[in-house]
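A.B. asks: sequence first, predicted coordinates after that:
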Amino acid sequence: MQQRIIAVIPLAWGQEAAEQALAAARQVAHQQSLACAVLALGPAPAAWLTDMAGAAGAVELVYAVHAALSDGENLQALAEAAAQALDQSGQQLLLLPPGSEGEELGARLAACLSATWLGRCARLDWKADGLEFERACWGGRLTLRLQIETSLAVACLRAGKLQQQPAHANVLEPLIIELGKSLPAMFEIEQSSSGQTLPPVESARIVVSGGRGVNEAGFALLEQLAMKLGGSLGGSLPAVDAGMLPVMRQVGVSGKFVSPDVYLAVGISGTPQHLAGISHDSRIVAINSDPAADIFKVANLGAVVDWEQMLPALLERLPA
Ligand SMILES: Cc1cc2nc3c(=O)[nH]c(=O)nc-3n(C[C@H](O)[C@H](O)[C@H](O)COP(=O)(O)OP(=O)(O)OC[C@H]3O[C@@H](n4cnc5c(N)ncnc54)[C@H](O)[C@@H]3O)c2cc1C
């Protein structure tokens, strides 16, 4: 059966995203001595992509054009445009630009095509007996090696920079498909203030986090501490369940992944589900009244103390 590796590229996402999707497609294609193809989505063809795809050794370039694809923000329109333009014969692997937008578009495209969504892959090989791929989980502490037999898969793969290979440069004659069907309009999003004054937890350099061992008064102190330190506030799932913290500040496997310089864990026991949300590179400082708490096994610095004693003393010593 014919095997095809296709980089799916929204033109509005720019040249860097295009390079990344092409680099991924070329890496997988190279392992199988296959050629890769490109499906570009936008309001009109772009000469820069024709040159880039040719220089990357792609053998086929299709532009799926529609006025609704001009800003690249309407992910459902992009997914449906790609699904309309794709010829689904043979075995196909579709690669999107890596990153959160590429992942969301990939998942939507897989749903439109009833294809298998492989998600964010760290490695991807197309072998005779199926696709083999690796995914990081538990914040990079574990690598999952997976294998799947499927004729249509969608994935994101970070393959580094696209190296120019003049020896393999192709002069491409793009095929232009004018999409006739209407594409879905963008959802209107009504924005209102959440009342949160602290920055998002996922981008903070210092995260002050509380768990089940802290009560509402304790969270008020943690918020003050976060503000004094110029950091942000996070917490464990039980703290969110108890209504002490909004869900957007939950750290862990089912919450946010954070990579601050310092993660201050107060009244948090250190379960794998919570630790999965903290980067290996972060320094963990733990405050817990139980000397046997698991958090001390991973903490760089720990204090066995009740938060009610520690937090007021800390706040007092910090400049206003
Ligand atoms: C599928 C699944 C997904 C999950 N996802 C997440 C997730 O994303 N994030 C998450 O956090 N959890 C998650 N959990 C829940 C997880 O298993 C734990 O239940 C949770 O992490 C425990 O939170 P905790 O450390 O705040 O509470 P506990 O484990 O109850 O720990 C409380 C700690 O507070 C200490 N303490 C008590 N009083 C004081 C005091 N006065 N001063 C100082 N220390 C005190 C105690 O010694 C204890 O160590 C998930 C679970 C499942 C099954």
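C.D. replies: Received, thanks.

A.B. asks: CA only for contacts and neighbour counts going forward, please
C.D. replies: Will do.

A.B. asks: list phi and psi for D125.
C.D. replies: phi -120, psi 140 (degrees, to the nearest 10).

A.B. asks: who's in contact with it?
C.D. replies: V28, Q31, L131, E132, F133 (Cα atoms under 8 Å, 6 or more residues apart in numbering).

A.B. asks: between those residues, which is nearest the ligand?
C.D. replies: Using Cα to the nearest ligand atom, F133 is the member of those that sits closest to the ligand, with 23.3 Å.

A.B. asks: work out for me the element the residue nearest to the closest one when sequence neighbours are not counted sits within.
C.D. replies: Leaving aside its sequence neighbours, F133 sits nearest to L124 (Cα to Cα, 6 or more residues apart in numbering; 4.3 Å). For L124, the element it lies in under DSSP states H and E is strand 123-127.

A.B. asks: can you name the next helix or strand after that strand?
C.D. replies: strand 130-137.

A.B. asks: report the angle between that next one and strand 123-127.
C.D. replies: Put simply, strand 130-137 runs at 170 degrees to strand 123-127, going by axes from the mean of the first three to the mean of the last three Cα atoms, to 10 degrees.

A.B. asks: determine the set of other helices and strands touching strand 130-137.
C.D. replies: Other helices and strands packing on strand 130-137, by 3 or more Cα pairs under 8 Å, 6 or more residues apart in numbering; DSSP states H and E, are strand 116-121, strand 123-127, strand 142-148.

A.B. asks: spatially nearest residue to T50 (excluding sequence neighbours)?
C.D. replies: Here the residue nearest T50, using Cα to Cα, 6+ apart, is L172, at 6.6 Å.

A.B. asks: just E308 next, same as before
C.D. replies: Nearest non-adjacent residue to E308 (Cα to Cα, 6+ apart): G218, at 7.3 Å.

A.B. asks: what is the burial count for that neighbour?
C.D. replies: Number of residues near G218 (other Cα atoms under 10 Å) recorded here: 20.

A.B. asks: which among the helices and strands packed on strand 130-137 is found nearest to A155?
C.D. replies: strand 116-121 (5.0 Å; Cα to Cα).

A.B. asks: got the angle for that closest one vs strand 130-137?
C.D. replies: Using the same axes, to 10 degrees, strand 116-121 lies at 50 degrees relative to strand 130-137.

A.B. asks: so which elements touch strand 116-121?
C.D. replies: helix 100-113, strand 130-137, strand 152-157.
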